[in-house]
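A.B. asks: Dropping the sequence and predicted coords here.
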Amino acid sequence: MTRAKVFIQNFFTYGLLQIISKVIPFLLIPLITRFLPDTAAFGMYDMFSLIIGMGTPLAILGLSDAIYREYFEKNDVVKGCHVTTTAHRIVLVTSSIVAMLLIGTSSFASTIFFQSNHYGNIVILGAIGIWISANSSIFQVPTRIQNKTRVFVLSALLNSCGYYLLSLFFILLG
C-alpha cells in the first residue's frame, strides 16, 4: 500500500472515528436527560465527566505522544515493544496513584467540585473512570502505530458506548 493511500485511509478512518465519538454523546443526551431526576443531576453528571476529563491527561502524562516519537526512533521491533510496555506500566502506576488520591480525598474533592461533601461517591466513580480511561487510551496507541484500523475503530466505539452505557447504569441506580 502506498504512503499516500495509507495517509488518506488514516485521515478518513480516524477523522470519521472522531466525529462518531462526538455524535454518540450527542445522540445519548436525550436518553440521559430523560432519566435524570432534575437539572442539578445533569450538573453532577457534567462534573463527573469533567473529573474524568481532567484526571485522564494527568494520569497519561503525555506518554501517548512520547510512544509515537520513541517507537520509530530505530527500526527495531523489540525496542518498539519495550517502549510501549514501559509506557503501559507507567500509565498503570500513575493512573492508580491519581485514582487512589481522588478516592482518599473524595470528601475534600467533593467539596471542591460540588460545594458539598455529600457527593464523594461521584468522585470515587470519577476516579475509577480516570483509571479505566487512562489505561484504555494508552492501550490503543500500539494499535494505531501498527495501523490496525479495524481493531482501533472497534475498540474506540466500544469504549465510547461503554462509557455512556455505564453512565446510564449509574444514573438509573441514582
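C.D. replies: Perfect, thanks for sending it. Numbers count the residues shown, from 1 in each chain.
A.B. asks: How about the secondary structure of residue 37?
C.D. replies: Secondary structure, DSSP: H, G, I helix; E, B strand; the rest coil: residue 37 is coil.
A.B. asks: Next one: it from residue 69, what distance?
C.D. replies: 47 Å (Cβ to Cβ, to the nearest Å). To be clear about C-beta, it is placed using only N, CA and C from the backbone, and glycine gets the same treatment.
A.B. asks: same check, this time on residue 167
C.D. replies: 34 Å.
A.B. asks: For those two, indicate the residue with more neighbours.
C.D. replies: Comparing residue 167 with residue 69 by other Cβ atoms under 10 Å, the one with more neighbours is residue 167, at 19 against 9.
A.B. asks: buried stuff in whatever helix or strand that one lives in?
C.D. replies: For residue 167, the element it lies in under DSSP states H and E is helix 149-173. Across helix 149-173, burial judged by 16 or more other Cβ atoms under 10 Å covers 149, 152, 153, 155, 156, 159, 160, 163, 164, 167, 171.
A.B. asks: what does it rub up against?
C.D. replies: Contact with helix 149-173 is made by 9-10, 13-14, 17, 20-21, 24-25, 28, 31-32, 35-36, 41, 45, 48, 125, 129, 133, 136, 140, 143-144, as judged by Cβ atoms under 8 Å, 6 or more residues apart in numbering.
A.B. asks: if you average pLDDT over it, what comes out?
C.D. replies: Averaged across helix 149-173, pLDDT comes to 77.
A.B. asks: Just want the phi and psi numbers for residue 147.
C.D. replies: Dihedral pair for residue 147: phi 60, psi 40, per degrees, to the nearest 10.
A.B. asks: What about residue 39, how many residues nearby?
C.D. replies: 8.
A.B. asks: going forward, begin numbering at 52 instead of 1
C.D. replies: Sure, I'll start counting at 52 from here, so that last one is residue 90.
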